[in-house]
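**Student:** just need the structure, nothing else, for what follows:
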Amino acid sequence: MKKIWLNYWIKDWHFFYKIGYALVITGSRAYFRGFQYEGKSKIPKNAGIVYAVNHQNAFLDPIVLAGQTNAPLYYLTRADIFKKKLANKLLRQLYMLPIFRQRDGVDTISKNATTFIECYDILKNQENLVIFPEGNHNYKKLIRPLKKGLARITLGTLHEYGKETPVYIVPLGIDYENHFNMNSDILLNVGNPIDVSKYYDQFKENNIEAINKLTFKVFDELRTLVINIEDQENYEEIYYLLHRFPLRKKVSSVLEKFNLRQEKLRKTEQIKIQDISAYNKLIFDIKSVQSFTKKNSIRPYLLEIPEDSFIKLFGISIIMFFLLPVHLLGLITNYIPYKIPVWIVENKIKDKHFHSSLKQVIGVVLFILYWLIITVFIFAYLNWKIGLICVFSLPLISLLNFKYWILYIKIKGRWNYRKAIKKEDFLIIKKAFDSVQSLVG
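**Tutor:** A predicted model of the protein is given here:
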């Protein structure tokens, strides 16, 4: 995870971008369990950079990118949210540029011409531009066909300012372990930079062919940088296999976990090509395990470890009971700012693609405000020394409270597992689980 640094406050950035940056780097540290930015050294220096990024999580995708750079990122954003003057001014303070789509009911070519010229200047000045070439967001782990605007903008920059202008497309995959909930991993995976000048001569001869060729090159790179599940008919089962079934090897990094999942996906795809009946059996076994674990409120990893003894589980449960007052103190100081964003998002926001980003941003703001209220109350009604101790203890209490809750869920799952192994279909499910692990684990 990127270290928190404070000298961005004296940089020549727009004020609202600085505020947003502070919220982003604070929120990302709390929201994600593991955060890895792999391949950052590949990004060329002294050049205009266009990050070509897959788009799975609406606002969260640009948020996590913005928090990892030492310079502002310009974003192409749907034009309909720029209609009002105040919104237009604020969004441009956040380095967003309007891009018109066919659904906007306007002459998109002429309307986008002004934005394209702004992009040419950004790249000419060796600044950074982010484009989500899929054109819209979708939570599924699949690289969808890319729009051609990315190639048009980069090649258009060379047409405007000359072939010698250094412009690179940097494919960047964002891979979320869990799209919608906190305490999961995220990988920013940088691919091989694409030198746009290598396509310019062909662009002068046949611009459509060059644009298509460059677009496919970006698509081909992005597919290798994320978990790309092409079998949409069995998407849920394959996703469950990759992200819920245990990995056979202990991992030390987010990238290593990603690579093991990629390997498991490749094995699954090979089985489908080589033996469709074996593949159908694999999908059936995954469904069986998924149904059983959901019904019994357990995680699949429990199916491959020895059952905990009653004495061990009872002993841990007793210890947790005596630590309950500490947990309750943590709930008092943390539950409200945690629960309010969850309630707002899950009850008021219909599009799940916005849930994670709004939980993160609203959560950071509410935690700051709530802890500030607690601080003022403590200093007003208690000894200032006690107040200082309490204030500096708030983050630690929050961490301990979260660890307690995770341990509670695990212990509850192990108690449920002791019940599950007594079910009559347990041995059938265990056999199905072992079969899946032997094939692709």
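
**Student:** any weak-confidence spans in the stretch 301-441 of the chain?
**Tutor:** Low-confidence segments of the stretch 301-441 of the chain (pLDDT under 70): 350-357.

**Student:** hmm, try it at 80
**Tutor:** 338, 341-342, 344-364, 379-392, 441 (pLDDT under 80).

**Student:** would you list every one of the strands in the stretch 51-200 of the chain?
**Tutor:** Per DSSP state E, counting those that start in this stretch, the stretch 51-200 of the chain carries strands over the ranges 73-78, 96-99, 128-131, 167-176, 184-190, 194-195.

**Student:** buried residues in the fourth one?
**Tutor:** In this case it means strand 167-176. By 16 or more other Cβ atoms under 10 Å, the buried positions in strand 167-176 come out as 167-176. In this view, the C-beta of every residue, glycine as well, is placed from N, C-alpha and C.

**Student:** repeat that for the fifth one.
**Tutor:** When burial is assessed from 16+ other Cβ under 10 Å, strand 184-190 yields the following buried residues: 184-190.

**Student:** let's have those in TSV, adding pLDDT and distance to W371.
**Tutor:** Shown next, in TSV, are the buried residues of strand 184-190 (pLDDT from 0 to 100; distance: Cβ to Cβ, whole Å):
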residue	pLDDT	distance to W371
S184	84	24
D185	89	27
I186	90	25
L187	93	30
L188	93	29
N189	95	34
V190	95	36
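
**Student:** ramachandran angles for P133?
**Tutor:** Dihedral angles of P133 (phi, psi; degrees, to the nearest 10) stand at phi -70, psi -10.

**Student:** quick check: closest non-adjacent residue to it.
**Tutor:** L146 (4.1 Å; Cβ to Cβ, 6 or more residues apart in numbering).

**Student:** quick check: the one you found vs I43, distance?
**Tutor:** Separation of L146 from I43 (Cβ to Cβ, to the nearest Å) stands at 20 Å.

**Student:** so between the two, which is more surrounded?
**Tutor:** Shown here are L146 and I43; by other Cβ atoms under 10 Å, L146 has more neighbours (21 against 16).

**Student:** the more buried one: what's it in contact with?
**Tutor:** L146 makes contact with 52, 133-135, 215, 218-219, 222, according to Cβ atoms under 8 Å, 6 or more residues apart in numbering.

**Student:** if we go to 6 Å?
**Tutor:** By Cβ atoms under 6 Å, 6 or more residues apart in numbering, L146 lies in contact with 133, 215, 219.

**Student:** skip the chain neighbours and tell me the closest residue to the most centrally placed residue in the chain.
**Tutor:** Nearest to the mean C-alpha position of the chain, by Cα atoms, centre = their mean, lies Y176 at 4.0 Å. In this structure, Y176 finds its nearest non-sequential neighbour in I186, 5.5 Å apart by Cβ to Cβ, 6+ apart.

**Student:** same question, L303
**Tutor:** F433 (4.6 Å).

**Student:** ok, that neighbour touching V289?
**Tutor:** Yes: between F433 and V289 a contact is recorded at 5.1 Å, counting by Cβ atoms under 6 Å.

**Student:** just the pLDDT at the residue nearest to P133, thanks.
**Tutor:** For L146, the model assigns a pLDDT of 93.

**Student:** and it, how far is that from C119?
**Tutor:** 17 Å.

**Student:** got it, and L366?
**Tutor:** L366 is 36 Å from C119, by Cβ to Cβ.

**Student:** the two: who's more crowded?
**Tutor:** Applying other Cβ under 10 Å to L366 and C119 shows that C119 carries more neighbours, namely 27 against 17.
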